[in-house]
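**Student:** just need the structure, nothing else, for what follows:
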Amino acid sequence: MERQGTGEVAEAGDTTGQGGIASWRARLDERMASAGTWPGRSPWIREAVTALPRDRFAPSRLWDWDGHAWQPVDRDSSPDRWAGLLYADQHAPAVTQITANLPTSSLSAQALVVDMLDSLQPEPGNQVLELGTGMSAWNAALLTWRTGPKTVTTVEADPRLSAAATVRLEHLGLHVTAVTGDGNAGCEAGAPYDRVVATYAVERVPWAWIAQCRPGGRLVVPWGRLGHVALTVADDHTHAQGWFQGLAQFMPDRTAPSHPHRAYAEVRGHREPDGERPLRRDLTPLGADWGLRFHLRVALPEVELTTAADGDGTSAWIHDGRSWASLSTKAHGVFAHQGGPRRLADELESAWDQWSVLGSPSVYDYGMTVTADGQWVWALDAETGPRWRTTP
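**Tutor:** Numbers count the residues shown, from 1 in each chain. Next comes the predicted model:
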C-alpha cells in the first residue's frame, strides 16, 4: 500500500478490449482463491474488492520495465497491457510514478492489501485512522466499505495527492474524512480510534499513533520497509505489542530525513580487504530464506545486503556505509573478505548462528513492543525471547 502517483482514475466498465477488465478481475480472483490468499476469517475483504476493484483506483498511466528502461503503458492506447499490469500477478505492485528512471510510487499488490486488511481486523462501526492516503485512496475506500460512512479518517502529507484522493472518494460516493498533514502526528481531532493502519514504512512507530488508539485497539504498521506488524494497545495504555504478519517492501516515510543510498562498490572503493578467510557454510539461504533475511534485518539494522547466484552458487555483498564485506562462493570453496571499522562478515555469521540456534524462525515468529520511551523487536516470546532495540 505504497504512496501513489498522479493520474486519472479508471472508470468502471469494459475498457480493455478483448476479454475486458471484468475477465482480468475474475482471473485474479480465481487465482487468489486457488492459492488460499483470500482470508477465511475475513470474507468481507473479497466482497469489498469485488465491489471496489483495483482498476477503478489506478491512474490511467502505469509503467512497465522492458529490461532496459521503464516504459509508459496508457489505458487508452494499450488497455489490455494496462490491465495486465494490475491483475496478472497478485503479488506485483503496479508502478504509477517514475522519477529519474526509478519507481517512486506504486499501487500495492492486491495480495498485500488483502493481507494488511485481514491483519487489521476492522469491524462495522469502528473508527479508523489511516496514515498515507496516496492518490488512489483504494485502501481508504475498502475500509469504508467495511466500517461504514464517516468512520474513516485518512491523512496524506502531499496536498496534491490528498486533493486527488478526496475527489475520487467523493466521485464514488464514499464518505471519508481526508486530511492533509504529517501522518506521523496522526489526527488528534478524530481520536480515539479503534483501528490505525499505515501504508508507508517507518523505522520507529510514532507514539502518537498509539496514544490516539483506544485501549484494546489494533494497529497495523509496516516496519523497516520489509515487514508489517499488528500491535494491540494495552489496557493501561502504557505500550502496544504484537506479532509480525508478513513480508513486503513499502515506500518509506516521506517526512523522515533522507539518506542517500550508497552502493557496495562506492563504499568499498579501491580499498584492499584485511585478509581472506574461508567460510564453512552454504550461502544459498542468504538469497533464498526470508526468515534469515528478516533476522539479519533485525539484528544488523544498519547493514545492506545484496546477493546473486551463478554457476558456483550464491555470493553476497554487505555494507553499512563505512565498512564492507563480500562472501564469495567459488568452485573451490566459500571465502570472506572485509574491511573498514566493523568486521561485517563476522557479525553476519554471528547473527546467522543465533538464528540457527533459535530454530530458524520465520518472520511470523517475531514480534514488537512499543512504549513511549522506546521500542524493540523480539523473537519467539515477548518476555523470555531475545530482543533487539530498533533504530532510535
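**Student:** can you list the domains in this structure?
**Tutor:** Domain segmentation of the chain under automatic domain parsing yields 20-247, 264-357.
**Student:** among those, which is the most enclosed?
**Tutor:** domain 20-247 (a mean of 19; mean count of other CB atoms under 10 Å). In short, each C-beta sits where N, CA and C put it, glycine included.
**Student:** dead centre of this structure: give me the residue that sits there.
**Tutor:** Phe250 (3.1 Å; CA atoms, centre = their mean).
**Student:** distance from the lowest-mean-pLDDT helix or strand in the chain to the middle of the chain?
**Tutor:** Across the helices and strands of the chain, mean confidence by mean pLDDT, DSSP states H and E is lowest for strand 102-107: a mean of 76. Its chain's C-alpha centre lies 13 Å from the corresponding centre of strand 102-107 when counted by CA atoms, centre = their mean, to the nearest Å.
**Student:** what's the answer for stretch 32-51, then?
**Tutor:** 20 Å.
**Student:** that stretch - what's its average pLDDT?
**Tutor:** For stretch 32-51, mean pLDDT is 97.
**Student:** direction included, what does the least confident helix or strand of the chain pair against?
**Tutor:** In the sheet, strand 102-107 lines up against strand 94-99 (antiparallel) (DSSP bridges).
**Student:** ok, and what's touching the strand it pairs with?
**Tutor:** 4-7, 58-59, 61-64, 70, 85-86, 103-107, 135-136 (CB atoms under 8 Å, 6 or more residues apart in numbering).
**Student:** can you do 6 Å?
**Tutor:** The contact list for strand 94-99 (CB atoms under 6 Å, 6 or more residues apart in numbering) reads 4-5, 59, 62-63, 70, 85-86, 103-107.
**Student:** pull the most distant pair out of those residues.
**Tutor:** Leu86 and Thr104 (18.5 Å; CB to CB).
**Student:** residue contacts, Cys187?
**Tutor:** 153, 155, 179.
**Student:** one more pass at 10 Å, please.
**Tutor:** 129-131, 153-155, 177, 179, 181, 193, 196, 208-209, 212 (CB atoms under 10 Å, 6 or more residues apart in numbering).
**Student:** Trp290 too?
**Tutor:** 226-227, 247, 297, 362-363.
**Student:** can you redo those as CSV with distance to Gly340?
**Tutor:** Converted to CSV, the contacts of Trp290 look like this (distance: CB to CB, whole Å):
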residue, distance to Gly340
Leu226, 24
Gly227, 28
Leu247, 29
Arg297, 20
Ser362, 31
Val363, 29
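**Student:** just put those in a markdown table and tack on pLDDT.
**Tutor:** Shown next, in a markdown table, are these (pLDDT from 0 to 100):
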| residue | pLDDT |
| --- | --- |
| Leu226 | 84 |
| Gly227 | 90 |
| Leu247 | 88 |
| Arg297 | 93 |
| Ser362 | 97 |
| Val363 | 96 |
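**Student:** below-threshold pLDDT in this protein: ranges please.
**Tutor:** The chain contains residues with pLDDT under 70 at 1-19, 254-260, 392.
**Student:** in the stretch 151-300 of the chain, which spans are helices?
**Tutor:** 159-171, 207-211, 264-268, 284-288, 290-299 (DSSP state H, counting those that start in this stretch).
**Student:** to Thr314, which of those helices lies closest?
**Tutor:** That would be helix 284-288 among these, by CB to CB, at 4.8 Å.
**Student:** figure out how far the closest one is from the centre of its chain.
**Tutor:** The answer for helix 284-288 is 21 Å, by CA atoms, centre = their mean.
**Student:** same check on stretch 37-55?
**Tutor:** Taking mean C-alpha positions (CA atoms, centre = their mean), stretch 37-55 and its chain are 19 Å apart.
**Student:** likewise for stretch 274-289?
**Tutor:** Mean C-alpha position of stretch 274-289 versus that of the full chain (CA atoms, centre = their mean) differs by 28 Å.
**Student:** between the two ends of that stretch, how far is it?
**Tutor:** Stretch 274-289 stretches 29 Å from its first residue to its last (CA to CA, to the nearest Å).
**Student:** ok, residues contacting it?
**Tutor:** 291-293, 295-296, 305-309, 313-316, 318, 325, 327-329, 332-340, 343, 345-346, 348-349, 352-353, 355-356, 360, 362.
**Student:** mind running it again at 6 Å?
**Tutor:** 292, 307, 314, 316, 327, 329, 333-337, 339.
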